[in-house]
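Novice: Generate coordinates for the sequence data below:
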Amino acid sequence: MLTLDTNVLFYAFDSSEPAKRRIAADIFLRLQALDVVITTQVLGEFINAVSRKNPAVKADAIALVESWSSLFSVVDTKSAHLLTAARLADRYKLQFWDSLIIAVARSSDVEVMLTEDMQDGATIDGMTLLNPFNPANRAALDALLAP
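Specialist: Below is the predicted model of the structure:
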């Protein structure tokens, strides 16, 4: 099972980086046949990032979140996740909000997170972080996204 960080969602929407947009769009096409979890925090961060960059397209971002919420399992943050995230942040020297995404996703047995922002290749609490935009990860990404 896998999850996505906010940046993958953002690149699927944003046209300012065409190469990353193509990769993100390909990921979304291939994810539809897989077991995917997205956290509510990531969906919220996506709406916030799009709204900050271009408030005129906020409604489009909300519509995408609605669509993704019907395609993928959405996992809500619970109070116990906050404590787990705080411990993960201390243990792995992560930002709290990144740790919260990991804690929530791990509660659903997610094993891989596609992320550009966190340490590529690291394993945190049993979850591997993979940067889908790193060309060196192409084979691993293809294997992960194979139906």
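Novice: This structure: helices as residue ranges?
Specialist: For the chain, applying DSSP state H gives helices covering 6-13, 18-31, 40-53, 58-71, 79-92, 96-106, 138-145.
Novice: Centre of the protein to the edge, which residue is at the far end?
Specialist: Computed with C-alpha atoms, centre = their mean, the residue of the chain farthest from its C-alpha average is Ala56, at 23.6 Å.
Novice: ok, back up a step: export the helices of the chain to CSV and tack on mean neighbour count and distance to Leu114?
Specialist: For every residue, glycine as well, the C-beta is placed using N, CA and C. Output for these, formatted as CSV (neighbours: other C-beta atoms under 10 Å; distance: least, C-beta to C-beta, whole Å):
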stretch, mean neighbour count, distance to Leu114
helix 6-13, 23, 5
helix 18-31, 16, 7
helix 40-53, 18, 11
helix 58-71, 14, 14
helix 79-92, 15, 18
helix 96-106, 23, 11
helix 138-145, 14, 8
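Novice: could those helices be laid out in JSON lines, adding mean pLDDT?
Specialist: Converted to JSON lines, the helices of the chain look like this (pLDDT from 0 to 100):
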{"stretch": "helix 6-13", "mean pLDDT": "95"}
{"stretch": "helix 18-31", "mean pLDDT": "95"}
{"stretch": "helix 40-53", "mean pLDDT": "96"}
{"stretch": "helix 58-71", "mean pLDDT": "95"}
{"stretch": "helix 79-92", "mean pLDDT": "97"}
{"stretch": "helix 96-106", "mean pLDDT": "97"}
{"stretch": "helix 138-145", "mean pLDDT": "96"}
